[in-house]
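Sequence plus predicted model, see below.
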Amino acid sequence: MLKSFFKGFRRIFGNLYFLFFLNGFLIASLFYLKTESNYESNLFKAIQKSIDKKLAPTDTKDSMLVKIMRECSNILGNRLAVFTGTSSDLEGFKTDFLHPATVDLMTAKGACGSYSFVLARILQNYDFPVRIAQMKANGIFGAHNVVEVNINTQWVVLDPLFDTYFVKPGGKGLASFKDVKENWGYYSKQLPEGYDPAYYYQDVRYTNWDKVPVILPAVKKILTFFLGEERVKNMSLRVHFLRMYDFYFYVVLIIYLPVLLITAIRINKENRVHQRPKEKSFAKSNSFISRSLEKAQ
């Protein structure tokens with residue numbers, strides 16, 4: 001079985017026409033992904049510039065976070081109303097497979113997920129460490145997503161879907177998920193009208209390590225060995241994939257480099273094969289000339 005597989009593999013990648021096609025396809029893919037990445041980056045830079053106009057030099061990190069979240073909620077609010085219930089009309093390669101942040105930004109069709117991804121991406125532009133918190137509700141993790149931001153060595157929680165944040169007793173800064181969980185009676189009084197009571201900060205996880213069987217559990221074990229259980233438990237993989245075009249760009253680049261090398265080797269091999277007949281004919285002509293000269297002498 002393996003022998004036939006490698007034989008077929010060698011036959012395919014030994015075909016120069018196929019290799020030229022594959023090189024062209026990969027180069028076009030790299031160009032497309034880089035173009036889309038630049039477009040997406042410029043969109044979020046434009047949003048950042050708009051938010052910058054509403055920030056004051058006297059803003060603390062807490063007030064800065066609240067203003068950024070408020071702008072994010074305002075941007076996505078009307079779009080959620082438009083695109084809710086229209087997910088079937090938005091199906092396609094970009095939406096279903098690439099799913100860049102621009103899809104969430106333009107449609108907000110992922111509700112709390114879209115709000116959290118867009119807010120996290122904006123906060124990354126401000127160099128804030130962020131993570132996506134997958135809240136447990138009705139016995140299910142990920143029933144609601146919120147964003148946690150690290151400021152002053154503490155992770156504070158923001159809920160962009162409900163434009164909600166929590167202030168500690170005495171106005172001593174923004175609260176963390178743990179703060180809200182342990183004192184829900186106090187913090188629940190800060191909730192806005194229309195807030196879903198099922199989201200009462202029962203529990204949280206940051207990565208669904210069972211989403212991709214075998215692979216992600218294996219990654220978790222390796223990371224736990226090197227980083228420790230506590231760090232892996234609080235690790236949010238999703239924030240590392242907010243720039244999906246960049247991620248796919250490097251994946252395609254990793255694939256393209258060996259393909260380019262194989263193509264170069266194959267071309268070199270073909271050139272050698274075509275040069276051999278010429279070398280033989282040149283050697284024969286030299287031999288004929290030598291014999292003719294010997295006879296003449």
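Nice, I can see it.

For the protein, just list every one of the strands.
Using DSSP state E, the strands found in the chain span residues 130-137, 140-151, 154-159, 164-165, 204-205.

Adding mean neighbour count, write these out as a markdown table.
Bear in mind the C-beta positions are built from the backbone N, C-alpha and C, glycine included. What follows is these, written out as a markdown table (neighbours: other C-beta atoms under 10 Å):
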| stretch | mean neighbour count |
| --- | --- |
| strand 130-137 | 22 |
| strand 140-151 | 20 |
| strand 154-159 | 22 |
| strand 164-165 | 18 |
| strand 204-205 | 18 |
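
Now render these as a markdown table, adding distance to Tyr187 and mean pLDDT.
Formatted as a markdown table, the strands of the chain follow (distance: least, C-beta to C-beta, whole Å; pLDDT from 0 to 100):
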| stretch | distance to Tyr187 | mean pLDDT |
| --- | --- | --- |
| strand 130-137 | 14 | 96 |
| strand 140-151 | 13 | 96 |
| strand 154-159 | 10 | 97 |
| strand 164-165 | 10 | 97 |
| strand 204-205 | 15 | 96 |
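
got the ones you listed as TSV, with distance to Leu242 columns?
Listed next are the strands of the chain as TSV, based on distance: least, C-beta to C-beta, whole Å:
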stretch	distance to Leu242
strand 130-137	9
strand 140-151	11
strand 154-159	15
strand 164-165	21
strand 204-205	18
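
For this structure, which element, helix or strand, carries the lowest mean pLDDT?
helix 2-13 (a mean of 71; mean pLDDT, DSSP states H and E).

returning to what we had before: which stretch among the strands of the chain comes nearest Lys61?
In terms of C-beta to C-beta, the element of these nearest to Lys61 is strand 140-151, at 4.6 Å.

who touches that closest one?
Residues lying outside strand 140-151 but in contact with it, judged by C-beta atoms under 8 Å, 6 or more residues apart in numbering, are 61-62, 65, 69, 112-113, 115-116, 119-120, 123, 128-137, 155-161, 174, 176-177, 196, 198-199, 203-205, 208.

So what does Lys54 look like in phi/psi?
phi -100, psi 0 (degrees, to the nearest 10).

Val66 is in contact with that one, correct?
No - counting by C-beta atoms under 8 Å, Lys54 stays clear of Val66, with 11.1 Å between them.

So for those two, which residue has more residues nearby?
Ranked by neighbour count (other C-beta atoms under 10 Å), Lys54 and Val66 place Val66 first, with 17 against 11.

Tell me how far the more buried one lies from Gly170.
For Val66, the distance to Gly170 equals 17 Å [C-beta to C-beta, to the nearest Å].

residue ranges with poor pLDDT in the stretch 151-297 of the chain?
Scanning the stretch 151-297 of the chain for pLDDT under 70 picks out the ranges 276-297.

One more: the stretch 1-150 of the chain?
1-2, 5-6, 9, 85-90.

how much space is there between Gly139 and Tyr187?
22 Å.

One more: Ser41?
Taken as C-beta to C-beta, the span from Ser41 to Tyr187 is 36 Å.

more neighbours, these two?
Ranked by neighbour count (other C-beta under 10 Å), Ser41 and Tyr187 place Tyr187 first, with 21 against 16.

From what I see, the more buried one and Phe177 are in contact.
No - with contact defined as C-beta under 8 Å, Tyr187 does not count as touching Phe177 (10.5 Å).

and for those two, which residues touch both?
The contact lists of Tyr187 and Phe177 share Tyr201, where a contact means C-beta under 8 Å, 6+ apart.

residues in contact with Ser236?
By C-beta under 8 Å, 6+ apart, the residues touching Ser236 are 130-133, 206-207.

Which residue comes closest to it once chain neighbours are left out?
Arg131 (3.4 Å; C-beta to C-beta, 6 or more residues apart in numbering).

Quick check: beta-bridge partners of the one you found?
Beta bridges link Arg131 to Glu148, judged by DSSP bridges.

so where do the helices sit in the stretch 151-297 of the chain?
Assigned by DSSP state H, counting those that start in this stretch, the helices in the stretch 151-297 of the chain fall at 177-182, 184-187, 215-227, 229-233, 244-296.

for the stretch 1-150 of the chain, that is, sorry about that
Secondary structure of the stretch 1-150 of the chain by DSSP H, counting those that start in this stretch: the helices cover 2-13, 16-52, 61-83, 93, 101-107, 112-125.

Measure how the third one sits relative to helix 112-125, angle-wise.
Here the directions of helix 61-83 and helix 112-125 differ by 140 degrees (axes from the mean of the first three to the mean of the last three C-alpha atoms, to 10 degrees).

Restrict helix 61-83 to CA atoms and write it as CSV.
The C-alpha trace of helix 61-83 is given here as CSV (Å, rounded to 0.1, in the frame of the first residue of the first chain):
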residue,chain,number,x,y,z
LYS,A,61,-6.2,51.9,31.1
ASP,A,62,-9.6,51.0,32.6
SER,A,63,-11.4,54.0,31.0
MET,A,64,-9.5,53.4,27.7
LEU,A,65,-10.7,49.7,27.6
VAL,A,66,-14.3,50.8,28.3
LYS,A,67,-14.2,53.4,25.5
ILE,A,68,-12.7,50.9,23.0
MET,A,69,-15.4,48.3,23.9
ARG,A,70,-18.2,50.8,23.6
GLU,A,71,-17.0,51.8,20.1
CYS,A,72,-16.8,48.1,19.1
SER,A,73,-20.3,47.5,20.4
ASN,A,74,-21.6,50.5,18.5
ILE,A,75,-19.9,49.4,15.2
LEU,A,76,-21.4,45.9,15.4
GLY,A,77,-24.7,46.6,16.9
ASN,A,78,-26.6,47.6,13.8
ARG,A,79,-24.9,44.9,11.7
LEU,A,80,-26.1,42.2,14.0
ALA,A,81,-29.7,43.3,13.5
VAL,A,82,-29.3,43.2,9.8
PHE,A,83,-27.5,39.9,9.4
